[in-house]
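**Student:** Sequence first, predicted model second:
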Amino acid sequence: MSLQDRIINHFSDSIKVQQDTLSYLSELIEYASQRLVSTLLNDKKILTCGNGRSATSAQLLSSAMLNQFERDRPSLPVIALTTDTATITAIANDFHFDDIFSKQLRALGQSGDLLVVYTDGKNSTNIAKVISAAHDKDMSIIAITGNNGGLIAPLLKETDIEIRIPSNSIARIQEAHILITDCLCDLIDHQLFG
């Protein structure tokens, strides 16, 4: 296979996953945006996390909400639990890597807040633990996943939302996560600011 064929395959596969995600998940994305807006209108905050490239998606959500997405507007309270390296490494060193998000959430999360987790469907124990900690705090969860949902899917309650990308490819899942994050940011801005 030539290099050009490999490039064509990447683009073709990405387009197919994006189209499948649109077909199967657009209503769920809309519902998730309404849940996020409701959280913000109730003067609550959103906490978000993920591992590796999924941490980047969490930080994109936080950055777009704290600063701006595509227009100037008031900042919105979204905290990425992935950004404080001193805290993350201290927790991992003194306790366990599985606790890096749940320990932060126990301190920062409150009843009525919302947790957005990103995972490509691998069995991320630290994501499973933060979901349990959020449930203990009476927080709702939006899980943006892929593959078969990994450890996360069975932990979610009926009131939680899972947006599962219909793909087993980590690269395609991550691409869809970014597009969904952009959609959520746009929908939040539209619903709150017209």
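**Tutor:** Yep, that arrived. Note that this is a predicted model, so its numbers are computed, not measured.

**Student:** residues in contact with stretch 80-91?
**Tutor:** Here stretch 80-91 makes contact (CB atoms under 8 Å, 6 or more residues apart in numbering) with 47-50, 55, 58-59, 61-63, 99-101, 103-105, 108, 130. To be clear about C-beta, it is placed using only N, CA and C from the backbone, and glycine gets the same treatment.

**Student:** Recalculate using a threshold of 7 Å.
**Tutor:** If you take CB atoms under 7 Å, 6 or more residues apart in numbering as the criterion, stretch 80-91 is touched by 47-50, 55, 58-59, 62, 99-101, 103-105.

**Student:** before we move on, what about stretch 19-35?
**Tutor:** Taking CB under 7 Å, 6+ apart as the rule, stretch 19-35 contacts 114, 140, 142, 161, 163, 165-166, 176, 180, 183-184, 187-188, 191.

**Student:** Dump those residues to CSV, plus distance to I15 and pLDDT.
**Tutor:** CSV is the format used below for the contacts of stretch 19-35 (distance: CB to CB, whole Å; pLDDT from 0 to 100):
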residue, distance to I15, pLDDT
L114, 31, 98
S140, 32, 97
I142, 25, 98
I161, 25, 98
I163, 19, 97
I165, 14, 96
P166, 13, 95
A176, 11, 97
I180, 16, 98
C183, 16, 98
L184, 21, 98
L187, 22, 98
I188, 26, 98
Q191, 28, 97
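
**Student:** before we move on, the earlier item: could you turn the buried ones of the contacts of stretch 80-91 into a ChimeraX selection?
**Tutor:** Remark: buried members of those, expressed as a ChimeraX selection using 16 or more other CB atoms under 10 Å:
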select :47,48,49,50,55,58,59,62,99,100,101,103,104,105
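
**Student:** which one of the contacts of stretch 80-91 is nearest S124?
**Tutor:** Lowest distance from S124 to these (CB to CB) belongs to G50, with 8.2 Å.

**Student:** Can you check the pLDDT for the residue lying closest to L66 once chain neighbours are set aside?
**Tutor:** Distances taken as CB to CB, 6 or more residues apart in numbering put S75 closest to L66, at 5.2 Å, once the chain neighbours are dropped. pLDDT, S75: 97.
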